[in-house]
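> Predicted model, plus sequence, below.
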Amino acid sequence: SADVTTGKVPGPFIRALQGDTIKFTLYNPAASVATHSIDLHAVKGYKGGASVLMAAPGGAAYLEFQVLHPGLYVYHCAGAGTVLDIGAHIALGMWGMILVEPRNDGQHFRRDRRQAEREYYIMQSEFYLSGFPSAAPYAGTYCLDVGKLLSDEPDYVVFNGRAGVERTTFSPLPSGNVVSPIVLTPDVNDDVIIYFGNMGPNFTSATHMIG
């Protein structure tokens, strides 16, 4: 998964102001079985910095960059940089979003023009399952089926790593792990901002707001 603190998908939502300098360090544990990297689509440069932010097992990488253009961008693991690595690591949940807010007399835009009572961070993705290991350290996590990935045959299309959209508890995992679906609960007359992204790696997405 992308979030090493919670062990969940997606990774942390990164918020920056146009012109900010971000210092980014990637640590890859010695117990890791693969090379990892970070491709930040907010970085203006080759592979979004992934060629610099690349660490073998037991290694670390550092990148300092300035965010120049406002927008909502994805970031994701690009593995060792191959096309299959990128797709596989995305399918394993190693991704998130970064918001670069425009400067306006030194203030970010919500202080000037928007006052939102609630903000939601939602990303769509797919899971391609081949089984759930029982031995540590990967017990309860899923193994990727590369054949399904290459054939566009996901077991689940999910939002924030969760299957189901009802208000009831939903248990999609054969391991018996119970997860709650994504539920948005704004109050009447709330101003709401939704930061929505689609990480795929295969399917497209379109939101359909009603009401």
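Nice, I can see it.
> top helix in this protein by residue count?
Counting by DSSP state H, the longest helix found in the chain is helix 83-91.
> Okay, now the sheet partners of whichever helix or strand comes after it, with direction.
Using DSSP states H and E, the helix or strand that directly follows helix 83-91 along the chain is strand 95-101. Pairing partners of strand 95-101, with direction, according to DSSP bridges: strand 14-17 (parallel), strand 71-76 (antiparallel).
> Report the distance from strand 95-101 to the chain centre.
9 Å (CA atoms, centre = their mean, to the nearest Å).
> Averaged pLDDT, that strand. What do you get?
Mean pLDDT, strand 95-101: 92.
> Stretch 118-134 now?
Averaged over stretch 118-134, pLDDT sits at 84.
> Go through that stretch and flag the buried ones.
Using 16 or more other CB atoms under 10 Å as the test for burial, stretch 118-134 gives 121-129, 132. In this view, the C-beta of every residue, glycine as well, is placed from N, C-alpha and C.
> Pull the CA coordinates from that stretch and hand them back as CSV.
In CSV, the C-alpha atoms belonging to stretch 118-134 read as follows (Å, rounded to 0.1, in the frame of the first residue of the first chain):
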residue,chain,number,x,y,z
ARG,A,118,-15.8,19.6,3.9
GLU,A,119,-13.1,18.3,1.6
TYR,A,120,-13.0,14.7,0.2
TYR,A,121,-10.0,12.9,-1.2
ILE,A,122,-11.1,10.0,-3.5
MET,A,123,-9.3,7.9,-6.0
GLN,A,124,-10.5,5.0,-8.2
SER,A,125,-8.3,2.0,-8.9
GLU,A,126,-8.4,-1.7,-9.6
PHE,A,127,-7.3,-4.9,-7.8
TYR,A,128,-6.1,-8.0,-9.7
LEU,A,129,-6.0,-10.8,-7.1
SER,A,130,-4.1,-14.1,-7.2
GLY,A,131,-4.4,-15.0,-3.5
PHE,A,132,-3.7,-14.0,0.0
PRO,A,133,-0.5,-15.1,1.7
SER,A,134,-0.7,-16.4,5.3
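> ok so, going back, kindly reformat the strands paired with strand 95-101 as a markdown table containing mean pLDDT.
A markdown table is the format used below for the strands paired with strand 95-101 (pLDDT from 0 to 100):
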| stretch | mean pLDDT |
| --- | --- |
| strand 14-17 | 90 |
| strand 71-76 | 94 |
